[in-house]
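> please work out how this folds:
(2 chains)
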Amino acid sequence: MAATGTAATTRRDFLYIATATVGAVGAAATVWPLISQMNPDASVLALAAIEVDLAPIAQGQILTVKWRGKPVFISHRTKKEIDEARATPLSQLIDPQTDEARVKKDHDQWLVVIGICTHLGCVPLGHQGEYDGWFCPCHGSLYDTSGRVRRGPAPTNLEVPPYEFLADTKVRIG
Amino acid sequence: MSGHSTYQPQSRFMKWFEARLPVGALIHSSFVAYPTPRNLNYWWTFGGILTFMLAAQIVTGVVLAMHYTPTSKEAFDSVEQLMRDVNYGWLFRYVHANGGSMFFLAVYIHMFRGLYYGSYKEPREVLWILGVIIFVLMVATAFMGYVLPWGQMSFWAATVITNLFSAIPLFGNAITLWLWGGFAVDQPLLQRFYSLHYLLPFMIAGVVVLHVWALHVTGQNNPTGVDVKSDKDTVPFTPYATVKDGFMLVCFLILYGWFVFYIPNYLGHSDNYIPANPLQTPSHIVPEWYFLPFYAILRAIPSKLGGVAVMFGSIFVLFFVPWLDTSKVRSAKYRPLYRQFFWVLVVCCVGLGYLGSQAPEGGFVLAARILTAYYFLHFLVILPLLGLVEKPRAVPSSISESVLKGSAPAAAGTRAPDRNG
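Model (predicted):
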């Protein structure tokens, strides 16, 4: 008892701190793989791109394709639907964004959005709701003909995936 | 309460064993000689029923795991094969699926019992908190189990609930990506849910041990809320509590059996007999009945983060009930105002459950908002204020007095209120 509890630094203090330090590093090094193994691996992350032929999609029709396990809506919009989207003042939008910014130039009739409600991930139903766009059956969110959210609880517009036109009737998503 | 044991081993073997590991003494002091308040009513039998349900769920669950395949391609078919081909497979699945419902029925009664009789109050705060932890684990376990059959309801329940985490600012999307192990709910999520659904019941069992331990340190509360003061206030656990618990368990099992054998799919949803389809959400998705009040709260708030926060808050607030309730009197029997507000809360919770089952439109949304507000009002405002303004009735000076002379206030009215009551 007499030897311990004095102010002088002892060999035991050194061992105590050294052990705790190495232990903390070891614990962190153990926890990291435990967390990381749950993240998507490289094979999942490798972007799988898909090509879609647009020719069979009639005006006013919405095609649903699967990309990265998610539904993607490709909407062939009518003139009326485009005009409705463009006539909406930005001040009325929850997540303000122009219709022009959500489609490719010179391909105004084609709207490509990820078909997942930005609230809690349900798939909205097309051609429904007050804004002629989509209606989410889960919690009642409404989207317009540009896929922009018009009524909550969804906080943001339907996401536009990366895509490009290979030809006038062919797109590559991804 | 569970002091040194009076257990005397009889056989030579038990004497030899007891000297090395005194298991007999532990069981004897906890479940045989253990003194229980003599006035416990049938609302006190649900702890035993819950222990039975946990054991039943683990036994049937281990059997189901022997026949289930946790892959997104085969899960649905393996459950159907279990139902149609495996000997008594239908029985084990229906007992397990309805067992979840019965488990929640019992736990809700158990929790409301605690709220009514003030069982969370000093010195039982830790006991109560352990109970809330068990409830949270039960919620997680039940949700993950519901995902495993991989029907439409399973899939979309998994999608909606995991998306709750995307509401977290900044890290939301990274967290959902991590939970899913991919870009959407699919194979990796199913498989990790299977693993965790097998693990969590054993964690529940661990917390149940702590819950029972804490109970045996403080002793049970009772309908009067008055502390045990002498041996006259108690009776031994065996045979009194054993028989009472056993009788109620049998009654409960008859109800359980009625569901299993006569209306096994009544509490389920027919859409879950459609295989999961990631491209189509069912037109009306609802959770199992025991989550409906929370679902109503989630939908009542017109903001994604807000709805998620308030829904988790509705469970979180329960952790603080021991300190939110400022009344010195435990039992609602002697709290004329609290007793009324208690029943309003019960109606509020049942009402939220009904609203959770309805489509999120029009008057239902407004009603859900009002009831959600009331739910929090009860815990955060009414409970603290009642303790200050309410004039409790006189409590009996002891349990034996309330039992032997009746609990009418006339018998106790002339006495000073019990200092701990």
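
> in chain A, which spans are helices?
A:11-36, A:42-45, A:79-87 (DSSP state H).

> next one: the stretch 301-421 of chain B
B:304-316, B:321-324, B:336-356, B:362-377, B:383-389, B:399-404, B:409-412 (DSSP state H, counting those that start in this stretch).

> let me have the ones you listed in JSON lines, extended by mean neighbour count and distance to chain A.
Quick note: C-beta positions are derived from backbone N, CA and C, even for glycine. JSON lines is the format used below for the helices of the stretch 301-421 of chain B (neighbours: other C-beta atoms under 10 Å in any protein chain shown; distance: least, C-beta to the nearest C-beta, whole Å):
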{"stretch": "helix B:304-316", "mean neighbour count": "18", "distance to chain A": "5"}
{"stretch": "helix B:321-324", "mean neighbour count": "17", "distance to chain A": "29"}
{"stretch": "helix B:336-356", "mean neighbour count": "17", "distance to chain A": "12"}
{"stretch": "helix B:362-377", "mean neighbour count": "17", "distance to chain A": "8"}
{"stretch": "helix B:383-389", "mean neighbour count": "14", "distance to chain A": "29"}
{"stretch": "helix B:399-404", "mean neighbour count": "19", "distance to chain A": "50"}
{"stretch": "helix B:409-412", "mean neighbour count": "16", "distance to chain A": "50"}
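
> what's in contact with the helix or strand of chain A with the lowest mean pLDDT?
The weakest-scoring helix or strand in chain A, judged by mean pLDDT, DSSP states H and E, is helix A:42-45 (a mean of 80). Contacts with helix A:42-45, where a contact means C-beta atoms under 8 Å, 6 or more residues apart in numbering or on different chains, come from B:181, B:182, B:183.

> which residues of chain A lie near chain B?
Counting by C-beta under 8 Å from any C-beta of the partner chain, the positions of chain A adjacent to chain B are A:35, A:38-40, A:44, A:64, A:66, A:68-71, A:115, A:118-125, A:136-140, A:152-155.

> quick one, which of those are buried?
Buried by 16 or more other C-beta atoms under 10 Å in any protein chain shown: A:39, A:44, A:68-71, A:115, A:118-125, A:136-140, A:152-155, out of these.

> kindly compare burial across the helices of chain A and name the winner.
helix A:79-87 (a mean of 15; mean count of other C-beta atoms under 10 Å in any protein chain shown).

> tell me how far residue A:8 lies from residue A:15.
15 Å (C-beta to C-beta, to the nearest Å).

> ah, wrong one, I meant residue B:295
From residue B:295 to residue A:15 the distance is 55 Å (C-beta to C-beta).

> just residue B:327 next, same as before
In terms of C-beta to C-beta, residue B:327 sits 54 Å off from residue A:15.

> now swap in residue A:63 and tell me
69 Å.

> residue B:190 now?
The gap separating residue B:190 from residue A:15 is 47 Å, by C-beta to C-beta.

> ditto for residue A:78
The value you get for residue A:78 to residue A:15, if C-beta to C-beta is used, is 78 Å.

> check residue A:140 too.
Distance from residue A:140 to residue A:15, by C-beta to C-beta: 63 Å.

> tell me who's in contact with residue 156.
Unless you meant another one, I'm taking chain A. Residues near residue A:156 by C-beta under 8 Å, 6+ apart: A:94, A:95, A:118, A:149.

> please go with chain B instead
Residue B:156 neighbours (C-beta under 8 Å, 6+ apart): A:122, A:138, B:281, B:282, B:285.

> if we go to 7 Å?
Contacts for residue B:156 (C-beta atoms under 7 Å, 6 or more residues apart in numbering or on different chains) come out as A:122, B:281, B:282, B:285.

> any idea how far the second one is from residue A:121?
The reference is to residue B:281. Relative to residue A:121, and taking C-beta to C-beta, residue B:281 is found at 9 Å.

> then the third one?
In this view, residue B:282 and residue A:121 are 13 Å apart by C-beta to C-beta.

> identify the residue nearest whatever residue of the stretch 1-150 of chain B ends up closest to chain A in space, chain neighbours excluded?
Among the residues of the stretch 1-150 of chain B, residue B:72 lies nearest to chain A; the distance is 10.0 Å by C-beta to the nearest C-beta. Nearest non-adjacent residue to residue B:72, counting by C-beta to C-beta, 6 or more residues apart in numbering or on different chains: residue B:187, 4.4 Å away.

> about what we covered before: in this structure the residue of the stretch 1-150 of chain B closest to chain A contacts residue B:184, no?
No. Using C-beta atoms under 7 Å, residue B:72 is not in contact with residue B:184; the gap is 10.9 Å.

> about what we covered before: which of the contacts of residue B:156 tops the neighbour count?
residue B:281 (25 neighbours; other C-beta atoms under 10 Å in any protein chain shown).

> so what's it up against?
Residue B:281 touches A:122, A:123, A:137, A:138, B:156, counting by C-beta under 7 Å, 6+ apart.
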